[in-house]
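Colleague: Quick one, structure for this:
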Amino acid sequence: MEIFGIPIQAFLGQLLLGLVNGSFYAMLSLGLAVIFGLLGIVNFAHGALYMIGAYVAFVALDSFGINYWFVLVLAPIVVGALGVVIERTLLKHLYKIDPIYGLLLTFGLALIAEGMFREKFGVSGQQYPVPELLQGATNLGFMVLPNYRAWVVVASLTVCLGTWFLIERTRLGAYLRAGTENPALVQAFGINVPVMVMLTYGAGAGLAALAGVLAAPVIQITPLMGSNLIIVVFAVVVIGGMGSILGSIITGVALGLIEGLTKVFYPEASSIVVFVIMAIVLMIRPAGLFGKEA
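Modeller: Numbering: from 1, shown residues only. Below you'll find the model as predicted:
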């Protein structure tokens, strides 16, 4: 059986690969959207935090024997704590000035992190094994679905939708949004806004680390894995709308699928299709598909 002259197994395989990539795009762009939407920081270090999360998983298993399921919790905590340190020591001084300074600072931090990890681990990739429980594949009749890739999609979308619900539909989320728009008023109600901002950045960093752990068994872990992905993720955020959490989730998944289908029909364009879409969206709607016009 064929679809547009292409065997259905190849078509569905690329669609699945696009869905997996889209899940990573959604999780990483979600962290960026949370940090920008609530703190106004263009966090170029997000890719480095994603890379560090993957290396935490690798070192935890290789040096301490800590398995995948424990590191799913451990890595976001470790990298989230690192994010808290970054926010308290560096970023807190930049909130009231031009956002370009935050972008330059986080870009510099990303370069420092990459250099340190290249010095420690080299440029060759490290392999992380698929956890035993998720090894193998399931035959769906029309295709064979690797169990781990199915888990990545389910876990990523669950975390994304849970984060969206927390920020948009709960009292805590209302406090977070109010604290960024009118911190003096929220402080008057007895809420410690600086601590709330600090924990928000830490949570965004933790989301990046969680994406890194999920990616570790799928790709090779290298110091450049974050920088290779962060440009695409920024394009996803721009298309969805800077600061729009739901926009980042929907756009990330959709662009992953579009990228996968482009590899089927026009492979030469698969590496630029996201940026072509970004250019078109910015010409039609500069605020992004789900962003608010200024």
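Colleague: pull the longest helix from this protein.
Modeller: helix 8-39 (DSSP state H).
Colleague: In the next helix or strand after that one, which of the residues would be classed as buried?
Modeller: Per DSSP states H and E, the first helix or strand lying C-terminal to helix 8-39 is helix 46-64. Using 16 or more other C-beta atoms under 10 Å as the test for burial, helix 46-64 gives 46-61. All C-beta atoms are positioned from the backbone trio N, CA, C, and that covers glycine.
Colleague: Also stretch 129-143?
Modeller: When neighbours are counted by 16+ other C-beta under 10 Å, the buried residues of stretch 129-143 are found to be 130-131, 143.
Colleague: what's the lowest-pLDDT member of these?
Modeller: The lowest pLDDT within the buried residues of stretch 129-143 belongs to residue 143, with 73.
Colleague: Relative to residue 36, how far out is the closest residue to that one other than its chain neighbours?
Modeller: Leaving aside its chain neighbours, residue 143 sits nearest to residue 12 (4.7 Å; criterion: C-beta to C-beta, 6 or more residues apart in numbering). Separation of residue 12 from residue 36 (C-beta to C-beta, to the nearest Å) stands at 35 Å.
Colleague: lowest average confidence, helix or strand, in the protein?
Modeller: Least confident element among the helices and strands of the chain, by mean pLDDT, DSSP states H and E: strand 2-3 (a mean of 63).
Colleague: And the helices in the stretch 51-200 of the chain?
Modeller: With DSSP state H, counting those that start in this stretch, the ranges of helices along the stretch 51-200 of the chain come out as 68-89, 99-121, 147-169, 171-181, 183-188, 193-215.
Colleague: Determine which stretch of those helices is the most buried.
Modeller: When those are scored by mean count of other C-beta atoms under 10 Å, the highest mean neighbour count falls to helix 193-215 (a mean of 24).
Colleague: so that helix versus helix 147-169, what angle?
Modeller: 160 degrees (axes from the mean of the first three to the mean of the last three C-alpha atoms, to 10 degrees).
Colleague: packing partners for helix 193-215?
Modeller: The helices and strands touching helix 193-215, judged by 3 or more C-beta pairs under 8 Å, 6 or more residues apart in numbering; DSSP states H and E, are helix 8-39, helix 46-64, helix 68-89, helix 147-169, helix 171-181, helix 183-188, helix 225-240.
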